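*Asks:* Give the three-dimensional model of this entry:
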Amino acid sequence: MKAILPLWVVGALALVGSSLCQAASLDLNLSGDAVQFEAVADVAPGIQLGGGVLDSDYRDDATVWHGQLLGVERTRNYEIGVGARWTQLDSDFSDGGGLGLGGYGYVYLPEVPALSLGGYGFYTPSVVTSGDLDDAVEYGVRARYAVTSNVDAYLGYRRFRADLDLPGVGTKTLDSGVHGGMRLVF
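*Replies:* Just a heads-up that it's a prediction; the model follows:
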């Protein structure tokens, strides 16, 4: 659990920064092998800045940090965001980072307005990586339910795969599986 101290730092910065922002959220999810924390905030209309950390013991110990800048749009029917994300990984066998592109999207079901379904994905190609990272992909799907006006509970699936430029290592899945979480929106 080497990422516990940084989780508190990220959370404190998110809380301080959110007072200057229009909307913000804190997200925590857990699985049998991993814990993930994310903080995002709207820094201007339609612009979202965020970051997070994933600490996983899926097959080997890996910590994956990310920071992202997205263009976002929210309506009562959907929520989308598209942009860039820097990902930095530190694992038992390698480290490296890179700039990826991707986004997220959720659709609110008219029959059950508190329920939204969606997912996210980011791809980091080898042309914009450093260290041992050759390329990486992270994607996931979630079903969210608004427990209150500012708290969502969700169940999801996440997979993070990295192609590492090391002899005998190759492609590694650093995290994969079902997780449950809560998101506080303020």
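
*Asks:* Would you map the helices across the chain?
*Replies:* Remark: helices of the chain, listed N- to C-terminal, are 4-18; assignment by DSSP state H.

*Asks:* remind me which residues of it are low pLDDT?
*Replies:* Counting by pLDDT under 70, the chain shows low-confidence ranges at 1-22.

*Asks:* which residues does Leu89 contact?
*Replies:* Counting by CB atoms under 8 Å, 6 or more residues apart in numbering, Leu89 makes contact with 62-65, 95-97, 133, 136, 162, 174. Where C-beta positions appear, they are placed from N, C-alpha and C, glycine not excepted.

*Asks:* Against Leu174, how distant is it?
*Replies:* Taking CB to CB, to the nearest Å as the measure, Leu89 falls 7 Å from Leu174.

*Asks:* Now list whatever residues contact both of these two.
*Replies:* When contacts are counted by CB under 8 Å, 6+ apart, Leu89 and Leu174 have 62, 64, 162 as shared neighbours.

*Asks:* correct me, but the second one touches Gln88?
*Replies:* It stands for Val64. Yes - under the criterion of CB atoms under 8 Å, Val64 lies in contact with Gln88, with a separation of 7.2 Å.

*Asks:* circling back to that earlier point, of the contacts of Leu89, which is the most crowded?
*Replies:* Highest neighbour count within these, by other CB atoms under 10 Å: Ala162, with 28 neighbours.

*Asks:* Would you confirm that that one contacts Ala136?
*Replies:* Yes - counting by CB under 8 Å, Ala162 sits close enough to Ala136 to count as a contact (4.4 Å).

*Asks:* Any idea what the nearest residue to Leu70 once chain neighbours are set aside is bridged to?
*Replies:* Once its chain neighbours are removed from consideration, Leu70 has its nearest residue in Gly83; the separation is 3.5 Å (CB to CB, 6 or more residues apart in numbering). On the basis of DSSP bridges, Gly83 takes part in beta bridges with Leu70, Gly102.
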